[in-house]
Every structure is written in C-alpha cells, then in structure tokens.
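>>> quick one: sequence and predicted model below, then my questions.
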Amino acid sequence: MRIGRELVKEIVAHSREEAPNECCGMIAGRDGEATRVHRARNEFESPLRYSVHPQDLFRITTEIEEGGEELAAIYHSHTGSPAYPSQTDINLAENWPDPLYVICSVADPDAPELRAFAIRDSEVSEVELDVG
Ligand SMILES: [Zn+2]
C-alpha cells in the first residue's frame, strides 16, 4: 500500500497522544493508495487492546463511502510492544478480513515503527508500506 509521509505522521502523532492507551482509526484509500486518516476513539481506552468505537465506525465508514473511497486499512498503536499483530488483534480480524491492519508501535518513543499486515483465517502476512 502506498501512503504519504503526512499520513504516516498523523498516525504517529495520534499514537503518541493516546499513549499509554492504544489509539485506533481508519485509513481511506483509492487504487491501493492511502488518501486520508480518520481518527477514531478506542472503545476500550486500554493500553492492551482496541476496538473502533461503534459510533465512529459508523460515521467514518459512511464518510468513506460517500467520498467514493474504500476502507483501505484499520490502524492502531502498540505502546509497549513491537508493531506486530497480537493474538487479540488476530482474533478481532476474524470478523473483518478485508481491510489491511496497520500497526504503529511507539514503544520506543524516539523510533516509531509502522507496519502493515493482511490477517485472514488467522494467518498474518506482512504487506509492504510504500511511504512517499
Ligand atoms: Zn494490537
């Protein structure tokens, strides 16, 4: 997935603001390119897990559809672990296999790490992020 530097900055900023809790949100896209970052509330307000707040989920998916875009990815942060899906993340993705999952780790605040994964049938495969 191609993603602009400004959008990456936005995700990192959101991750830092919410720490130590995990942040989450949705990335709109078109033709394999991320176009916009939509912040959402983490329903759990937790440092260990996330769920896109149902009100935000509805509002954002409507906005994305009305804009003629697609849901490219769901993002969330890890504040104390690397940018790799936890078992909780894998279980959550079972209900929603289509979007990619972007994880931003701010475990080392000076070196944020952003990675993207496809999670289908409990299989995790990394997807290259083309930042530019
Ligand atoms: Zn996670």
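Received, thanks. Numbers count the residues shown, from 1 in each chain.

>>> does residue 82 belong to a helix, a strand or coil?
Secondary structure assignment for residue 82 (DSSP: H, G, I helix; E, B strand; the rest coil): coil.

>>> how about residue 74?
Residue 74 ends up strand, using three-state DSSP.

>>> please name the bridge partners of it.
residue 26, residue 101 (DSSP bridges).

>>> what of residue 39?
Going by DSSP bridges, residue 39 is paired in beta bridges with residue 25.

>>> gap between it and the ion?
Counting by C-beta to the ion, to the nearest Å, the gap from residue 39 to the ion is 17 Å. The way it works is simple: take the backbone N, C-alpha and C, and place the C-beta from them, glycine included.

>>> residues from the protein in reach of the ion?
86, 89 (C-beta under 5 Å from the ion).

>>> how does it look with 8 Å?
Within reach of the ion by C-beta under 8 Å from the ion, the chain has these residues: 22, 49-50, 76-78, 81, 85-86, 88-89, 103.

>>> tabulate these (JSON lines), appending neighbour count.
Listed next are the residues of the chain next to the ion as JSON lines, based on neighbours: other C-beta atoms under 10 Å:
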{"residue": "22", "neighbour count": "24"}
{"residue": "49", "neighbour count": "17"}
{"residue": "50", "neighbour count": "27"}
{"residue": "76", "neighbour count": "25"}
{"residue": "77", "neighbour count": "30"}
{"residue": "78", "neighbour count": "23"}
{"residue": "81", "neighbour count": "12"}
{"residue": "85", "neighbour count": "19"}
{"residue": "86", "neighbour count": "14"}
{"residue": "88", "neighbour count": "12"}
{"residue": "89", "neighbour count": "19"}
{"residue": "103", "neighbour count": "25"}
